[in-house]
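> model the following, please.
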Amino acid sequence: MAKSSKAGTRLKRLPRGKHNGVELLLIQSVDHVGQQGDVVEVKRGYAMNYLLPQGLATIATDHHKRMVEKHRAKLQEIQNARMAGLRQLADSLARQSITIEANANDEGHLYGSVGAPEIVAALKKAEFTITADQVRLKGPLKELGLYTVNIHLGHEVEAELKVWVVPTIAEEHAEKK
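Have a look, this model is predicted:
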């Protein structure tokens, strides 16, 4: 009998929400419920049978809510610093101009094409670390000339990079002979 009264007391301590559900603080993001750190209200059975036993949520006490707010403030500071770094990188890329050599015919049409991997390699030589999926090309570059290429750095930070596609030096020497 003592066991059931103990369990009954534990159940009574679950905080009630506005809609008579159970208020929980999500430890991990749960689809169709909320994101990590959100205080959500769910039905008692869902809380007791799934969220709490699986370790996906905890009881939303005032202490837990304060801890989440402090954590969110720290995350916001980190995010602001990251955004400042991305903006600084975007400014550096906008001032940068890279040159890529490619084989071309007399009319300036490339035998191959210049794509994101070639741009990433040229940026790496200039000591910029960018991945190929961050380079936004409308299509491969198939002619000699100057192009403006968008670089997506993340979180709505974009940079415009000047890319010169020039004929290979070996071709120019061959033409002069």
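
> for the protein, which helix is longest?
When the chain is scanned for its longest helix (criterion: DSSP state H), the result is helix 62-95.

> and the next helix or strand past that helix?
Once helix 62-95 ends, the next helix or strand along the chain (criterion: DSSP states H and E) is strand 97-102.

> quick one: contacts of that following strand?
Residues from elsewhere that reach strand 97-102, judged by CB atoms under 8 Å, 6 or more residues apart in numbering: 110-112, 114, 118-119, 122-123, 126, 144, 161-169. Every C-beta, even on glycine, is put in place using the N, C-alpha and C of the backbone.

> what's the first helix or strand after that strand?
Heading C-terminal from strand 97-102, the first helix or strand you meet, by DSSP H and E, is strand 109-114.

> pLDDT-wise, which helix or strand of this protein ranks last?
Sorting the helices and strands of the chain by mean pLDDT, DSSP states H and E puts helix 2-12 at the bottom, at a mean of 47.

> following that one, which helix or strand comes up?
Heading C-terminal from helix 2-12 (DSSP H and E), you reach strand 22-26.

> before we move on, the earlier item: quick check on the contacts of strand 97-102: which are buried?
When the contacts of strand 97-102 are checked for burial by 16 or more other CB atoms under 10 Å, the buried set is 110, 114, 118-119, 122-123, 144, 161, 163, 165, 167.
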